[in-house]
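sequence below, structure please.
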Amino acid sequence: NFSREEWVKLQLEDPLLCRVHQWLKGGVPPLRKDEVRNRYERKYIKILDRIEVRDGLLILKPCEGLEFEEKDKMLVPSAQQELIFTMCHRHILGGHFGIRRVLKSSLRDYYWPDMGRHLKYWGQQCSVCLKVKNHPGEGKMGLHKELTMMRFERVALDIAPGVPLTPRGNTCIMVVEDYF
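Now for the predicted structure:
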């Protein structure tokens, strides 16, 4: 986890986000196609009216008129984009879920151009997912429902370590489920 000041510094060190900062301070973004350096710069120019600097941090404001509620998102420097994927996919509470869920959790707080394409690529490279998940053409094993006759006849227990330290000194979550 980075502090706000560290994120501001990382954004200013990123060449593309540094240019976005300059455009918002009064610099004029490139208007002609031949002046645009790359497609990512072009994508930031298209949404420039929704980007603002808040306490030095570049923030993408939600689109107006959306039917669902959206919140502000932080623009992520290119050097930290894979870190965001790791936090949302490989973290102990991330659970190596599919790309849709990783994209949904990432899009809640962060933005960068072609985010979905990048997350899909990194997800396809995940060694854990490659070992565990079914590949095209492979069937899934059938589920068998086992009936229980009374409460606590069959329970499942799981412990999730790596949770931030609580005021009581705990660093794990214990989950218990009754199959009744």
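
nearest residue to the middle of this protein?
Centroid-nearest residue in the chain, with C-alpha atoms, centre = their mean: Ser106, separated by 2.1 Å.

which parts of the least confident helix or strand in the chain by mean pLDDT are buried?
Using mean pLDDT, DSSP states H and E, the weakest-scoring helix or strand in the chain turns out to be helix 127-132, at a mean of 76. For helix 127-132, a neighbour-count test (16 or more other C-beta atoms under 10 Å) marks Cys129 as buried. To be clear about C-beta, it is placed using only N, CA and C from the backbone, and glycine gets the same treatment.

what sits closest to Trp23 if chain neighbours are left out?
Pro29 (4.5 Å; C-beta to C-beta, 6 or more residues apart in numbering).

how many residues are close by that neighbour?
16 (other C-beta atoms under 10 Å).

again with Met115
18.

can you pull the contacts of it?
Met115 sits next to 81, 103, 106-107 when contact means C-beta atoms under 8 Å, 6 or more residues apart in numbering.

average pLDDT across stretch 167-180?
Stretch 167-180 comes out with an average pLDDT of 88.

no more questions from me, cheers.
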